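Visitor: Sequence and predicted structure, then a few things I'm wondering about:
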Protein chains: 2
Amino acid sequence: MSERLLRHSIKTVSERTGLSPHLIRAWERRYETIQPQRTDGNQRLYCEKDIERLTLLKRATESGHPIRTVARLPIEELRGLAPQLPAGDRSMMGTQPSQSSSGGPRSTRTGPELVESALQAITSMNASALESVLEEAVLSLGQVAVLSHVIGPLVQRVGDGWQAGTLKVGHEHLASAVIRTFLANAARPFAVHASAPMLVATTPSGQVHEIGAALVAAAAANKGWRITYLGPSLPAEEIASAALQSHARAVALSLVHPADDPQLPEELRRIQRLLPDSTTLIVGGAAVGSYERTLRQIGARVCRSLNEFSAVLDGLRQGSN
Amino acid sequence: MSERLLRHSIKTVSERTGLSPHLIRAWERRYETIQPQRTDGNQRLYCEKDIERLTLLKRATESGHPIRTVARLPIEELRGLAPQLPAGDRSMMGTQPSQSSSGGPRSTRTGPELVESALQAITSMNASALESVLEEAVLSLGQVAVLSHVIGPLVQRVGDGWQAGTLKVGHEHLASAVIRTFLANAARPFAVHASAPMLVATTPSGQVHEIGAALVAAAAANKGWRITYLGPSLPAEEIASAALQSHARAVALSLVHPADDPQLPEELRRIQRLLPDSTTLIVGGAAVGSYERTLRQIGARVCRSLNEFSAVLDGLRQGSN
DNA sequence: AGAACCTAGACAAGACATGGACAAATACAA
DNA sequence: TTGTATTTGTCCATGTCTTGTCTAGGTTCT
């Protein structure tokens, strides 16, 4: 049967949920939230369902529900509960201080340190080391902060190193592949409601760097948006048609390189023209400055940082929710 | 079972799996993980299957599963263990069980049916539906069979549909993004031992379709190889330098489109020339036929199917272990 | 004979369990 | 406002369990 015979130790569960083993046991003891199976030697064995429940409980507590009020809820109710306060009115917008109260017991490295480690992994062409660094970063900084504090700077550094000649094309490719996958995974955190707004993320024709779009997609997904990710270099008609077909509330474009494409302004105008009024065009990336005039003309929302992008998303959601 | 296969001593097994002889015996004694045949004098004789099982067990324990919980699992379960821990960090993967609970009779669908469903998801630009189909496919067919029975045909169909005009570029991009991520996750099932052979997967300059390379990387990873995945369109010097730096035992190239690049033969020759003799060049993909003469000249291993590719990998591993 | 293996048992490091304690934050009563 | 009770995440002390490694004495292989 599809019954998973697999059971996980409390350590694994801790790593996967982000809850400390102490806390998991405390919740069990105080609220009987879950009663995992035991080994012959009385050690806890958790199944996937238990992990899901703990994850949902973590979400619920982080969004303000006292643990005692949600601990005994059936799992369906927890599922429905989580999206209720997705981004909490609490003060966790830019950075995620909540991590300090729930993070792992490991020594937490800061963003810049992690970026250095990541660069080292790239230089030595060690893909799995790079993955490890990124995973560590998620545990240390949280899913959201990683994007702006590690991935963003890292991409920047790789780009610089490439232009300066200290990194070769192979390094850049390897880094892109790993980061892209990492972001793609980060971009589907959990099942969102069908009512969540849809964002189409891509880059227009000629813009070959897709990491920016992937970054934006991950950020939006973590704010509860549904995502249609289309990769790089898509013609205006395709972008518009995808936006129509998926009933997108917004289209996010990332402009990085080249910064002096004579075709691009017209392409941007075409995109805006083809999009329905109900769909907002958001543009970001290192090269937005070069196309500023066009962007202003067509009335696109320009973002110069991930935080700004997040704010724009919130505004959009606000306006129609 | 009357198969007269090579039998290996515990020392050989130890060297190939990276487990100490002590540990192998301890696992056998404590969990009856495997019961190898014995010589007349009672010494253990292991077959290839035993070695595979031990390798899988090692991966499982290294990725956090307590040995006691996985020791008795059937081998298919061990092989399919990969999707259980896609990223190890992703804060939630609880969405999966929720599906199994709603999908009453789990009628396992066949490869072609799954391909159809996947195409439908692509046509309607529903990325998450596509992901669901792929996940279902893994559960139904297993990690390995999915590659040849679903992903391969699906990529083919998408390519056809694109050329025939029934699918637009946007569809192709969306499908690529999802499949690429799926393969990337499939390609990192576990932390493999440092002694495992390394494969570099990429496509040469001008070959823009990377899915083939990703497919090959996933297949190799599932056979226990370490992977350095470099994405598409890499110059010969970069490929060779990456192979050198990562001490690759093989370099896999995927050729799909264009099939008539006049530059490519010379590029392939350069690659072969720059690679050390200890590194085997393996070439596959829909377009290998068009470059057959060059490939034969330079002595590259040509594969026309995933199965063939797997066989080549086994041969390489055999030859040097 | 010497190297490699076998079994049975021992051992230590680390992971885990339990019960209780504590401090910070919050709620509530005086 | 102050003082007390509750909630909750964290931590400690102590004992148990798990697991990789090792020892000892005998057997098999070459």
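Guide: It's in. Residues are numbered from 1 along each chain as shown, chains lettered A, B, ... in the order given.

Visitor: Kindly state the domain boundaries assigned to chain A.
Guide: A:1-79, A:111-186, A:198-320 (automatic domain parsing).

Visitor: What is the burial count for A:I298?
Guide: 17 (other C-beta atoms under 10 Å in any protein chain shown). The way it works is simple: take the backbone N, C-alpha and C, and place the C-beta from them, glycine included.

Visitor: residue contacts, it?
Guide: A:I298 is in contact with A:268-269, A:272, A:281, counting by C-beta atoms under 8 Å, 6 or more residues apart in numbering or on different chains.

Visitor: Mind checking which of those residues are buried?
Guide: For the contacts of A:I298, a burial check counting by 16 or more other C-beta atoms under 10 Å in any protein chain shown picks out A:268-269, A:272, A:281.

Visitor: ok, of those, which one's closest to DNA strand C?
Guide: The shortest approach to DNA strand C among the buried ones among the contacts of A:I298 belongs to A:L281, at 40.2 Å (C-beta to the nearest atom of the strand).

Visitor: What separation do you get for the residue lying closest to the closest one once chain neighbours are set aside and B:T123?
Guide: Distances taken as C-beta to C-beta, 6 or more residues apart in numbering or on different chains place A:A300 nearest to A:L281, at 4.4 Å, with adjacent residues excluded. With distances taken as C-beta to C-beta, to the nearest Å, A:A300 is found 29 Å from B:T123.

Visitor: now do A:A186
Guide: A:A186 is 27 Å from B:T123, by C-beta to C-beta.

Visitor: do the same with A:G285
Guide: Look at A:G285 and B:T123: by C-beta to C-beta, they are 30 Å apart.

Visitor: does stretch A:252-266 come close to chain B?
Guide: No: Stretch A:252-266 does not reach chain B (C-beta under 8 Å from any C-beta of the partner chain); its nearest approach is 13.8 Å.

Visitor: Which parts of that stretch count as buried, going by neighbours?
Guide: Within stretch A:252-266, the residues that count as buried by 16+ other C-beta under 10 Å are A:252-257, A:261, A:264-265.

Visitor: Equivalent analysis for stretch A:150-166, please.
Guide: So, applying 16+ other C-beta under 10 Å, buried residues of stretch A:150-166: A:150-155, A:157-159, A:161.

Visitor: what's the lowest-pLDDT member of the residues you listed?
Guide: Of all the buried residues of stretch A:150-166, A:G159 carries the smallest pLDDT score, 89.

Visitor: A:L73 - that's part of a strand, no?
Guide: No: counting by DSSP: H, G, I helix; E, B strand; the rest coil, A:L73 is located in no strand; its state is coil.

Visitor: so what's A:P36 up against?
Guide: Per C-beta under 8 Å, 6+ apart, neighbours of A:P36: A:7, A:28, A:44-47, A:50.

Visitor: please redo it, this time with the cut-off set to 6 Å
Guide: Going by C-beta atoms under 6 Å, 6 or more residues apart in numbering or on different chains, A:P36 touches A:44-46, A:50.

Visitor: Give me the residues contacting the helix or strand hosting A:R273.
Guide: Applying DSSP states H and E as the criterion places A:R273 in helix A:264-274. Residues from elsewhere that reach helix A:264-274, judged by C-beta under 6 Å, 6+ apart: A:204-205, A:236, A:239-240, A:281, A:294, A:298.

Visitor: Could you tell me the per-residue confidence at the residue in chain A positioned nearest to DNA strand D?
Guide: Distance from DNA strand D to each residue of chain A (C-beta to the nearest atom of the strand) is smallest for A:G41, at 1.9 Å. Note on A:G41: pLDDT of 87.

Visitor: That one and chain B, how far apart?
Guide: Distance of A:G41 to chain B, given as C-beta to the nearest C-beta, to the nearest Å: 9 Å.

Visitor: likewise A:K223?
Guide: 14 Å.

Visitor: Just after the lowest-mean-pLDDT helix or strand in chain A, pick out the following helix or strand.
Guide: Taking mean pLDDT, DSSP states H and E as the measure, helix A:99-102 is the helix or strand of chain A with the lowest mean score, a mean of 33. Per DSSP H and E, the first helix or strand lying C-terminal to helix A:99-102 is helix A:111-123.

Visitor: Tell me the helices and strands packed up against that following helix.
Guide: helix A:127-141, helix A:152-164 (3 or more C-beta pairs under 6 Å, 6 or more residues apart in numbering or on different chains; DSSP states H and E).

Visitor: Give the buried residues for that helix.
Guide: Buried residues in helix A:111-123, defined by neighbour count with 16+ other C-beta under 10 Å: A:111, A:114-115, A:117-119, A:121-122.

Visitor: How much space separates the residue of the stretch 1-150 of chain A found nearest chain B from A:I75?
Guide: Closest to chain B within the stretch 1-150 of chain A is A:E52: 2.8 Å, counting by C-beta to the nearest C-beta. Distance, A:E52 to A:I75, by C-beta to C-beta: 7 Å.

Visitor: same question, A:S9
Guide: Using C-beta to C-beta, one gets 22 Å for the distance from A:S9 to A:I75.

Visitor: cool, A:V150 as well?
Guide: Taken as C-beta to C-beta, the span from A:V150 to A:I75 is 33 Å.

Visitor: try A:N42
Guide: According to C-beta to C-beta, A:N42 stands 25 Å off from A:I75.

Visitor: Which one's more surrounded, those two?
Guide: Neighbour comparison, A:N42 and A:I75: the larger count goes to A:I75, with 18 against 6 (by other C-beta under 10 Å).

Visitor: who's A:C303 bridged to?
Guide: As for beta bridges, A:C303 partners with A:G284 under DSSP bridges.

Visitor: If I follow the layout properly, it ends up in contact with A:V283?
Guide: No: if you go by C-beta atoms under 6 Å, A:C303 and A:V283 don't touch, sitting 7.1 Å apart.

Visitor: Which one's more surrounded, the two?
Guide: In terms of neighbours (other C-beta under 10 Å), A:V283 is the more surrounded of A:C303 and A:V283; the figures are 25 against 21.

Visitor: Many thanks, I have nothing further to ask.
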